[in-house]
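The sequence and its predicted three-dimensional model are supplied below.
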Amino acid sequence: MARSVLVFSPNSLPDPIVYLSEERTSIGRSPGPCIFRFGGAEAARFLCRSCPGYGAQANARYRGANVAQLASGEQYRCKPNQNHVLCQCCLEPIPDRRGDPNAHLVVKCHICSRTFCDQYWAAGCDGLRAGPRCSSCFSKFKDMNFDARDMDGIILNNVFESDIFKTAIRDTAESDINVLLSTCLKRASDGLFKLKYVESADTVVCKDCARKELSELAYQFRVSDVPNDRLPREVTSRDACWWGRNCTTQRKNPDHARRLNHVCEQTRRH
Ligand SMILES: [Zn+2]
Ligand SMILES: [Zn+2]
Ligand SMILES: [Zn+2]
Ligand SMILES: [Zn+2]
Ligand SMILES: [Zn+2]
């Protein structure tokens, strides 16, 4: 059976992150055993960018400073027995400062409660690594930076309806997903569209939760801004699925998704 080996050894590596062996690809395919190999208790301790010792050990990538700059501007040094939480994007530790009255913490997604470091460090999530940093895994909803791939499945997580939508708006400004987001937020602030998960455009959320909210907004945009005359006849001539937008079969059965319209409300209850 393929083994996936996770090596965690801050003593021998330039910075204290979890390193994956080249067998990483087997993680996705097989639920085989994961072996955590630690170089003793000291190596197993999580060191974050604010921990004493982190700077010296990671100096090649740490860009000189001894105390990591925090986005809030405050100074912070981890205590000897500091508890840490892991950023769910880069897997780097962040000091767990819940309950610290001096902490200006923006690390928890308002919707799913997972922790992210992007708004905590001045350098951001992944900001100390070589190569491009992660692309906004955690921010105010209105500042979220989506890319074209986020359009896939944007309507009801139904690939067929999403393709119909993408084709229909191809020649409009909203074909750019970030323009679509700002147009929808403008409609929401005018009271025309409803936000489902976030309280406002300023709610700080993770990328996954932001995608869910954008998908809700895109559905409303599809209903209000893509009239039937902009759609091909084979799309508009379809019968409506009784379960409408709430149908779960539309995501499992491509033939069902193609044959019936799901951009409509549910008309059957049992
Ligand atoms: Zn620390
Ligand atoms: Zn979230
Ligand atoms: Zn991170
Ligand atoms: Zn990130
Ligand atoms: Zn259906």
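Right, received. Where do you want to start? Ligands and ions are numbered 1, 2, ... in the order given.

so where's the chain uncertain?
Applying pLDDT under 70 to the chain flags residues 1-45, 55-66, 127-133.

Close to ligand 1: what parts of it are there?
The chain comes close to ligand 1 at residues Cys48, Ser50, Cys51, Cys78, Gln82, Pro95, as judged by CB under 5 Å from the ion. C-beta coordinates here come from the backbone N, C-alpha and C atoms, glycine included.

which one of the residues you listed is nearest ligand 4?
Nearest to ligand 4 among the residues of the chain next to ligand 1: Cys48, at 14.7 Å, using CB to the ion.

mind giving me the domain split of the protein?
1-45, 46-134, 143-233 (automatic domain parsing).

returning to that earlier point: inside strands: which ones of the residues of the chain next to ligand 1?
Among the residues of the chain next to ligand 1, DSSP state E puts Pro95 in strands.

sorry, back to before: okay if I get the domains of the chain as a markdown table plus distance to ligand 4 and mean neighbour count?
Converted to a markdown table, the domains of the chain look like this (distance: least, CB to the ion, whole Å; neighbours: other CB atoms under 10 Å):
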| stretch | distance to ligand 4 | mean neighbour count |
| --- | --- | --- |
| domain 1-45 | 12 | 13 |
| domain 46-134 | 3 | 17 |
| domain 143-233 | 8 | 17 |
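
Tabulate the ones you listed (CSV), appending distance to ligand 5.
Shown next, in CSV, are the domains of the chain (distance: least, CB to the ion, whole Å):
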stretch, distance to ligand 5
domain 1-45, 30
domain 46-134, 27
domain 143-233, 9
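
And the strands in the protein?
Under DSSP E, the chain gives strands at 4-8, 19-20, 34-38, 84-86, 93-95, 138-140, 204-206.

is ligand 2 contacted by the last one?
Yes: in this structure, strand 204-206 sits against ligand 2 according to CB under 5 Å from the ion; the contacting residues are Cys206.

Contact partners for the residue minimising distance to the centre of the chain?
When CA atoms, centre = their mean is applied to the chain, the residue found nearest the centroid is Lys207 (2.3 Å). By CB atoms under 8 Å, 6 or more residues apart in numbering, the contact list for Lys207 reads Cys89, Ser136, Cys137, Phe138, Met144.

Now the first one. Nearest residue, chain neighbours left out?
Going back to what we said before, that points to Cys89. Nearest residue to Cys89, sequence neighbours excluded (CB to CB, 6 or more residues apart in numbering): Cys137, at 3.9 Å.

thought the one you found was touching Cys125?
Yes: at 5.5 Å, Cys137 counts as touching Cys125 under the criterion of CB atoms under 8 Å.

Quickly check: the longest helix anywhere in the chain near ligand 3 or not.
In the chain, with assignment by DSSP state H, the single longest helix is helix 207-225. No: Helix 207-225 is not in contact with ligand 3 by CB under 5 Å from the ion; minimum separation 11.5 Å.

do that helix and ligand 2 meet at all?
Yes: legend: contact between helix 207-225 and ligand 2 by CB under 5 Å from the ion is shown at Cys209.

Thank you, goodbye.
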